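Chemist: Let's see this in three dimensions:
(2 chains)
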2 protein chains.
Amino acid sequence: MTSPAPTIAEAARRIARGDLTAEALTRLCLDRIAEREPAVQAWQALDAEGALAEARHRDRSPVAGPMHGIPFGVKDIIEVFGLPTTHGTPIFEGYRSPRDAGCVALLREGGAVCFGKTVSTELAHFHPGKTRNPHDPNSTPGGSSSGSAAAVGAGMVPLALGTQTTGSVLRPASFCGVVGYKPSFGEFTRSGVYDCASSFDTLGLMTQGVEDIVLSRAALLRQPVEEFAPPPLGDLRIGFCRSPFWDQAEPTTRTAIEDAAERLRRAGARISDLELPAGFADVLTLHRTVSGYEFARSIAWERTERGAMLSPVLVEGRAGDGLRVTRRDYHAALDRLAEMRREYASLTRGLDVVLTPSARGEALSGLTVTGDPVFNTLWTALYVPALSLPVLQGPRGMPLGLQLVGQFREDAALCSAAETVRRALS
Amino acid sequence: MTSPAPTIAEAARRIARGDLTAEALTRLCLDRIAEREPAVQAWQALDAEGALAEARHRDRSPVAGPMHGIPFGVKDIIEVFGLPTTHGTPIFEGYRSPRDAGCVALLREGGAVCFGKTVSTELAHFHPGKTRNPHDPNSTPGGSSSGSAAAVGAGMVPLALGTQTTGSVLRPASFCGVVGYKPSFGEFTRSGVYDCASSFDTLGLMTQGVEDIVLSRAALLRQPVEEFAPPPLGDLRIGFCRSPFWDQAEPTTRTAIEDAAERLRRAGARISDLELPAGFADVLTLHRTVSGYEFARSIAWERTERGAMLSPVLVEGRAGDGLRVTRRDYHAALDRLAEMRREYASLTRGLDVVLTPSARGEALSGLTVTGDPVFNTLWTALYVPALSLPVLQGPRGMPLGLQLVGQFREDAALCSAAETVRRALS
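Modeler: Residues are numbered from 1 along each chain as shown, chains lettered A, B, ... in the order given. Prediction:
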């Protein structure tokens, strides 16, 4: 029986004290992977030798910061030098990346140790990979960052990189019982990350703890570590947003979220209802218009030259729909979304954090679909930072996330607030 | 003695009529390349066999649109399936692209024929490649889209793809005597294009004619061809913008532009002076802040793992500067630029097109520097479409561009207006 990976914060403290080496932490994680991988199938390409070599190299260098020696996995639509990048499809068989994506190199520059590639769905869309939910091998891990969520959820690594264009970080994080974080739009470099829909594509993180997000952010931003100071619960102004999609949440999810809000209220939180204007329900159509238009053009080569190797729902459905969007409608949708962002900022002025579901419910039983992003699209499209806290449960006892949403570019404040909420609900 | 490539518009008419085959046009261009390439050195990787095979394939298919059979070159920071992509540095030696960039696949989908890769400066920045100006082998072609501008300027291909983050399409177009076009920001997919600074990176085009831009645009947008209807000169409301950088233009450039404005005025154009607020001079600093911050993170791998293979001005200068920018200053610069775009839109309401220099002067003698983008940064940062018309000359008889700037997303109107101006000045 192996131990799960510690959190980044815990590992960093032990490494800084000299109680843990990068190599020992790497071996601990590799042991965990050896035990759990046969059931979970989180990895597309595990580079155990490379990770050990990198860890030993870290151990020969002074500890430069909190990411020193921290193992991480990388969603397989993100380039890692010398490893295969499949983008979740057999189309790219045999291809090996000539460079690290910016985010990978920045984590390494911060001292982190790259373990390899985690499974992505097909071109970060619907068609699932081989990964299973670490809490139940017959349930979906969610998608499209399936392997990243499952690897962290199974305790294989303390950190994994994912991406979110609709709900591809928050939903799998909710299903796999990990912290999922989608930053404010534009926060992290996307260099070397597969381009799906550039108006929404966002690098995201999976970890076990909230402070871990703050530590990882510093490396990814190449900035000093931001203050992580969870405020007293009573100082937080919390908006409870059922969103225009509340009736699509499972009844048990609605109860779980209402109950969490009630517990926070009883613990002294100031919670007000945040009603969004009726027009905000249009965000699903607007997002589909914009992302479809962009996706059909981003994947022009895959669509025209390798279409037969892709699933029909991707080529005919998703890309086909995108080709039918006119430039005029595309621009109109972009403009309406920009307006919605201004409306949202003005509506939520004075709120520190918004509380809302991460997903309709716990992970679905079965491995053929990865779930519905309906509770993520809005926040992705609004460009605000969002974090899923693994503090709830579904009716089958599977994890269920509570989504907290911050103000645009106030990602550090969101992390601090999320930690306050996590503690109050734990 | 070979013939230069015809314009896209001319070739398309002949191909549609059956007077020209894709293969014959490809051979004409290959012959031209054979003659001119030894002096011009525009190509990083010419794929003559691939182009001929693609052209023959086009000749076996019905003519689908105006790009059918049109040869094009691709700046070597853009992926083309099966060909090397060097990004203008020896770092990527041996690498071959596993896919086409979206823009390349879209041009092929429209029937165009890919000739291969044109020379880029080092990571699309300062350090020049081997390319020479087609009008004088001892003068710079400009950069960073050096090979694309030179290839079109030498009549080797009717179309080449470039990119502009500061002035990398408009300046080489001006120096090489071709039409250069930087679209409204966000207009074309950047999938498969090297990421320098995502707030400014823009795919651009080099052609011999203005209508060629409209025809290429349709394929790249995968939309119907837009109306190309040059209006009567007297219908155009033209702003003459000396810009805050006027005193950096060479005296002969100032004279040439003033004279062009005067000729247009005498031909019946309504030209008013467009004064920009003094604060607009800050755009150079704001652009450097934002692009430096982003570039240092985009190229994290090259900087940390291959820094010794890059020129010091790039690693220590450009990326080093970018690492010293704080996240707060980065956001402040982004916000100020967004505000400037709103100010500019309101200042120019009612103007169809703005007339301004493309560059400080004609191509510099010598091959060690690629010239100054000071007359391009503003328009790149404002996200407006810009087009350089090869209608002027410098004191050494080298080409000099006249830059025309349109309203955001009114790229088709800019092309029509530019054609009117071109005719009036020819």
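
Chemist: Which helix or strand contains A:C415?
Modeler: helix A:411-425 (DSSP states H and E).

Chemist: Check A:E226 and give its pLDDT.
Modeler: For A:E226, the pLDDT comes out at 97.

Chemist: That one contacts A:I213, doesn't it?
Modeler: No. Counting by C-beta atoms under 8 Å, A:E226 does not reach A:I213; the two are 10.1 Å apart. Using the backbone N, CA and C atoms, a C-beta is placed for each residue, glycine as well.

Chemist: tell me, what's touching those two both at once?
Modeler: A:C415 (C-beta atoms under 8 Å, 6 or more residues apart in numbering or on different chains).

Chemist: between these two, which one's more packed in?
Modeler: A:I213 (29 against 17; other C-beta atoms under 10 Å in any protein chain shown).

Chemist: List the buried residues in the helix holding A:C415.
Modeler: By 16 or more other C-beta atoms under 10 Å in any protein chain shown, the buried positions in helix A:411-425 come out as A:411-422, A:424.

Chemist: Now tabulate those in CSV and tack on pLDDT and distance to chain B.
Modeler: Below are the buried residues of helix A:411-425 laid out as CSV (pLDDT from 0 to 100; distance: C-beta to the nearest C-beta, whole Å):
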residue, pLDDT, distance to chain B
A:D411, 98, 10
A:A412, 98, 10
A:A413, 98, 13
A:L414, 98, 15
A:C415, 98, 15
A:S416, 98, 16
A:A417, 98, 19
A:A418, 98, 20
A:E419, 98, 21
A:T420, 98, 23
A:V421, 98, 25
A:R422, 98, 25
A:A424, 98, 29
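
Chemist: can you pull out the strands in chain A?
Modeler: A:43-46, A:71-75, A:113-118, A:159-164, A:179-182, A:202-207, A:237-240, A:270-273, A:353-357, A:386-393, A:399-405 (DSSP state E).

Chemist: so what secondary structure elements neighbour the fifth one?
Modeler: Read that as strand A:179-182. Contact here means 3 or more C-beta pairs under 8 Å, 6 or more residues apart in numbering or on different chains; DSSP states H and E; on that basis strand A:179-182 packs against helix A:170-176, strand A:202-207, helix A:211-221, strand A:386-393.

Chemist: looking at the sheet around the spatially closest residue to A:R108 that is not a sequence neighbour, what are its partners?
Modeler: Closest residue in space to A:R108, ignoring its immediate chain neighbours: A:C114 at 6.3 Å, by C-beta to C-beta, 6 or more residues apart in numbering or on different chains. Under DSSP bridges, the beta-bridge partners of A:C114 are A:F72.

Chemist: Next up, the contacts around A:G110.
Modeler: The contact partners of A:G110, by C-beta under 8 Å, 6+ apart, come to A:A64, A:G65, A:M67, A:H68, A:A218, A:A219, A:R222.

Chemist: how close does A:R60 sit to chain B?
Modeler: 17 Å (C-beta to the nearest C-beta, to the nearest Å).

Chemist: Could you do A:D235 as well?
Modeler: For A:D235, the distance to chain B - C-beta to the nearest C-beta - is 23 Å.

Chemist: can you pull the contacts of the nearest residue to A:Y383 once chain neighbours are set aside?
Modeler: Nearest non-adjacent residue to A:Y383, counting by C-beta to C-beta, 6+ apart: A:F185, 3.7 Å away. A:F185 sits next to A:F200, A:T202, A:Y383, A:F408 when contact means C-beta under 8 Å, 6+ apart.

Chemist: about what we covered before: can you flag the buried ones in the contacts of A:G110?
Modeler: Counted by 16+ other C-beta under 10 Å, the contacts of A:G110 give A:G65, A:M67, A:H68, A:A218, A:A219, A:R222 as buried.
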